[in-house]
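Undergrad: requesting a structural model of the entry that follows:
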Amino acid sequence: MKRRSLIKAFTLSASIAAMGLSWSIQAAETIKVGILHSLSGTMAISETSLKDMALMTIEQINARAG
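TA: Residues are numbered from 1 along each chain as shown. Okay, here's the model as predicted:
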């Protein structure tokens, strides 16, 4: 079992390191964010505020230089 745990830990560490490298490369590019909320129909009444909150949060993050 120790070998399996070691392999999992190594794989996780390598994945996190690779994500960090790719994040720094892509940071200068535009990042598209998908927001999945109903804008029409019966659920639009309750989900419009969720969409607005998500957009406001994205604007705040962008204002702080991402």
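Undergrad: roughly how far does Ile61 sit from Met43?
TA: 26 Å (C-beta to C-beta, to the nearest Å). From N, CA and C alone the C-beta is placed, and that goes for glycine too.
Undergrad: for Glu59, same thing?
TA: Glu59 is 24 Å from Met43, where distance means C-beta to C-beta.
Undergrad: out of the two, which sits in the busier spot?
TA: Met43 (12 against 9; other C-beta atoms under 10 Å).
Undergrad: can you read off the pLDDT for that one?
TA: What the model reports as pLDDT for Met43 is 86.
Undergrad: list the contacts for the residue nearest to it when sequence neighbours are not counted?
TA: Spatially, and ignoring its direct neighbours in sequence, Met43 is nearest to His37 (8.0 Å; C-beta to C-beta, 6 or more residues apart in numbering). By C-beta atoms under 8 Å, 6 or more residues apart in numbering, the residues touching His37 are Met43, Glu47, Thr48, Leu50, Lys51, Ala54.
Undergrad: hang on, the third one packs against Gly41?
TA: Read it as Thr48. No - with contact defined as C-beta atoms under 8 Å, Thr48 does not count as touching Gly41 (11.2 Å).
Undergrad: who has more neighbours out of those two?
TA: Thr48 (14 against 8).
Undergrad: what about the more buried one, distance to Leu36?
TA: In terms of C-beta to C-beta, Thr48 sits 13 Å off from Leu36.
Undergrad: tally of neighbours for Arg4?
TA: 8.
Undergrad: before we move on, what SS does it have?
TA: Taken by DSSP: H, G, I helix; E, B strand; the rest coil, the conformation at Arg4 corresponds to helix.
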